[in-house]
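Undergrad: Sequence plus predicted model, see below.
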Amino acid sequence: MHLVTAEEMRRLDRITIDRLGIPAAALMKNAGRAIAEEIIALCNRRGEAGTAGGPRQGGEAARDNGAPRNAGAWAAGGAHGEAAAPGAGGTRRAAARSGVRGDAAAGMAPRSGGNGGDGGDAGAAGITPRSSGPGGAAVTPPKLVISGDAALMTEHAESEHWLVLVGKGNNGGDGLVAARYLREAGIAVSLLYAVPPESLTGEAALQRDAAAAMGLPAAVHGGGGPDFAGYSGILDALLGTGAAGAPRGAYAELIAAANASGKPVVSADIPSGLDADTGETHEPCIQASLTVCLAFLKRGLLQYPGAGAAGRIVVRSIGIPAGLAREEGLSAYWLTPAVLEGVLGVDVSRRRAPDGHKGTYGHVLVAAGSLRMSGAGLLAARASLRAGCGLTTWAVPGKLLPLLVCAAPELMLADAGGEADGTWNASAAEEVLKLADGRDVLAIGPGIGRFEDDKAWLKAIWEGAECPLVVDADALNILAECDYGSWRQRRAPVILTPHPGEMARLAGVKTKEVQRDRTGLALSFARERGVTLVLKGAHTVIASPDGRVFVNTTGHPGMATGGAGDCLTGIIAGLLAQGLDGAQAAAFGVYLHGLAGERAALLRDDPASVIASDIIEAL
Ligand SMILES: NC(=O)C1=CN([C@@H]2O[C@H](COP(=O)(O)OP(=O)(O)OC[C@H]3O[C@@H](n4cnc5c(N)ncnc54)[C@H](O)[C@@H]3O)[C@@H](O)[C@H]2O)[C@H](O)CC1
Ligand SMILES: [K+]
């Protein structure tokens, strides 16, 4: 599934309207209908679960047409203050209850004449089907099944009254369309405009007038906190992809009040207050229980804190061809098995050749670990085998080697020289390069620590290793202090696997700058440096030098434990050894690592007790 920025969304919108000739009004109608369908489905789920929004407020709320009490009133297209009369949906509800489909299926012939068009009152007709013909022979009436727009019907309307917060732009327009469909389903709806409705323009203005013509109760926010008590839910149609900066004025007041209301909030396209591109949440930002994202998944919905404000996300088509994103060269994706296979060409089944042998699946060399941090090397080495490579050799400073015998019987150990105290030194690079000769991939960094002339060590390996290189942990911190752009160009792929702090050092920015726009930063860094970048963290970002970027959502908070990153390094190395290219190994490795973390967490009563080895065992 593609991820888009606000600008890319606008571009696809324009192409659909200008090149494909699909009117903007049609897109908005589709958007509003999709939002309404998702709200109706939510009402049906909670109606069936008996957790409906509570009886529709009688008395004052109904009498004052449902508009919030302290807001300025705006002509509701009818006598001000009339109750929100049920729309056509009222009779349609009767039909739904009587079940035109049910009765018809029982052979009730639709009533001739009358308004058989929508079947609205057929259920009330009470026609009994003939059960026998002349001479008493049983006659089975013809089966006639008629059904309606099930997605726009509910039997729980009486306990629902939704308030639509309407912004000035097309996001507001979507909300106005949704309001009409909700009304058609028999759900009471009231509108609360953030700005005077007269200021709406274009498609939004058309929807404003249609809503008024249908007599939807409407009011304009008049400052202060509106009273949400009489409502069972709120539709946030304030700000969408046209927002810029923190919500201002009435928008900010309404967002804060909606969040404080305790009512379920459904957001149109994105939660108002969210940056659609980066996932930053401005103050205030809607905390939605459901976001109905239109046309394409917005990047900001997959990056925290935005991902935490969106609630459940459902992406709904509104008539913009999905293939347009690919045709327009968009290359950001939510990482799913379909994307792994369809975009990256990964065989997620990882079929093994019947005549395969250890050599078939490659040989990983891990140069990692030191006296105080030998475990990091062990985790990376073991994880590479669990990822399916044929053989793994773990190169360590000679002092450690006898201490590590049988630490993992599946591993081969190699003496990389180093200092007498079990630390690395620059000359160890030559040993690593000798060992790397004939190996399929080299992973460096976990647990190596910092040591004298470590920059020379890294430069020698970076320039001398012919095989793909995975660089992690302190090797990244060393790299951050080097001008590696001036080093000899590498032919084989390089994969860097920084966490946000290491990324900050590599990019020369502060960590909060890294987290502000993870996807954007990862993409620009990978392109500029010609590396595959794995920016770890909740929803890890994988960016390749060719400009593709993937956001992974497998994983579990229980993975926030020492050594989890070492495991990922090993997994990626193990996949590279099996012939995957840089982007494939990085993306698939992150995906599998997250899945393993989820499984490991499930095996513990408390996910806080997950440790890195559990991730390896769960691969
Ligand atoms: N294919 C599509 O993308 C479609 C999207 N639809 C919906 O349209 C919105 C985007 O609409 P747009 O008019 O561009 O912008 P907004 O509705 O988000 O409103 C912006 C509006 O609000 C004011 N504003 C901007 N920033 C702020 C702020 N920080 N505080 C207060 N006010 C702000 C500004 O004046 C703008 O006018 C998209 O999300 C979808 O919901 C179409 O309906 C269907 C096709
Ligand atoms: K919104």
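TA: On my side now, so go ahead. Ligands and ions are numbered 1, 2, ... in the order given.

Undergrad: near ligand 2, which residues of the stretch 251-400 of the chain show up?
TA: 267, 268, 272 (CB under 5 Å from the ion). C-beta here means a position set from N, CA and C on the backbone, and glycine is covered the same way.

Undergrad: can you check the stretch 51-200 of the chain too?
TA: residue 171.

Undergrad: Quick check, the residue in the stretch 51-200 of the chain closest to ligand 1?
TA: residue 169 (2.5 Å; CB to the nearest ligand atom).

Undergrad: Once you drop chain neighbours, what's closest to that residue?
TA: residue 242 (4.7 Å; CB to CB, 6 or more residues apart in numbering).

Undergrad: What's the separation between the one you found and residue 183?
TA: 26 Å (CB to CB, to the nearest Å).

Undergrad: more neighbours, those two?
TA: Higher neighbour count among residue 242 and residue 183: residue 183, with 24 against 15, using other CB atoms under 10 Å.

Undergrad: now the more buried one, what's its secondary structure?
TA: Under DSSP: H, G, I helix; E, B strand; the rest coil, residue 183 falls in the helix class.

Undergrad: Could you pull up the residues touching the residue nearest to the spatial centre of the chain?
TA: Nearest residue to the geometric centre of the chain (CA atoms, centre = their mean): residue 302, 4.0 Å. Residue 302 is in contact with 3, 279, 334, 519, 539, 551, 553, counting by CB atoms under 8 Å, 6 or more residues apart in numbering.

Undergrad: After the helix or strand hosting the third one, heading C-terminal, what element do we hit next?
TA: The secondary structure element spanning residue 334 is strand 332-335 (assigned by DSSP states H and E). Along the chain past strand 332-335, the next helix or strand (assigned with DSSP H and E) turns out to be helix 337-342.

Undergrad: is ligand 1 contacted by the helix or strand encompassing residue 253?
TA: Take DSSP H and E as the rule and residue 253 turns out to sit in helix 249-261. Yes: judged by CB under 6 Å from any ligand atom, helix 249-261 and ligand 1 are in contact via residue 251.

Undergrad: gap between stretch 3-12 and the chain center?
TA: 16 Å (CA atoms, centre = their mean, to the nearest Å).

Undergrad: So is that stretch next to ligand 1?
TA: Yes: against ligand 1, stretch 3-12 shows contacts by CB under 6 Å from any ligand atom at residue 9.

Undergrad: any idea of the mean pLDDT for the lengthiest helix in the chain?
TA: Determined from DSSP state H, the single longest helix within the chain is helix 24-48. Throughout helix 24-48, pLDDT has a mean value of 96.

Undergrad: got the contact list for residue 598?
TA: 554, 555, 556.

Undergrad: how close does the second one get to residue 573?
TA: It refers to residue 555. For residue 555, the distance to residue 573 - CB to CB - is 19 Å.

Undergrad: So between the two, which is more surrounded?
TA: residue 573 (32 against 23).

Undergrad: excluding its backbone neighbours, what's nearest that one?
TA: residue 443 (4.0 Å).

Undergrad: and that neighbour, what does it touch?
TA: 364-368, 380, 384, 469-470, 472, 569-570, 572-573.

Undergrad: What's opposite it in the beta bridge?
TA: Listed beta-bridge partners, residue 443: residue 366, residue 470 (assigned using DSSP bridges).

Undergrad: got a pLDDT number for it?
TA: pLDDT recorded at residue 443 is 98.

Undergrad: Likewise for residue 370?
TA: In this prediction, residue 370 carries a pLDDT score of 94.

Undergrad: which one is it nearest to, not counting chain neighbours?
TA: residue 449 (4.9 Å).

Undergrad: Count the residues that sit near the one you found.
TA: 18.

Undergrad: coming back round to it: buried residues in the helix holding residue 253?
TA: Residues of helix 249-261 classed as buried by neighbour count (16 or more other CB atoms under 10 Å): 250, 251, 252, 253, 254, 255, 256, 257, 258, 259, 261.

Undergrad: what about the first one, distance to residue 226?
TA: Right, residue 250. Distance from residue 250 to residue 226, by CB to CB: 10 Å.

Undergrad: cool, the fifth one as well?
TA: With distances taken as CB to CB, residue 254 is found 7 Å from residue 226.
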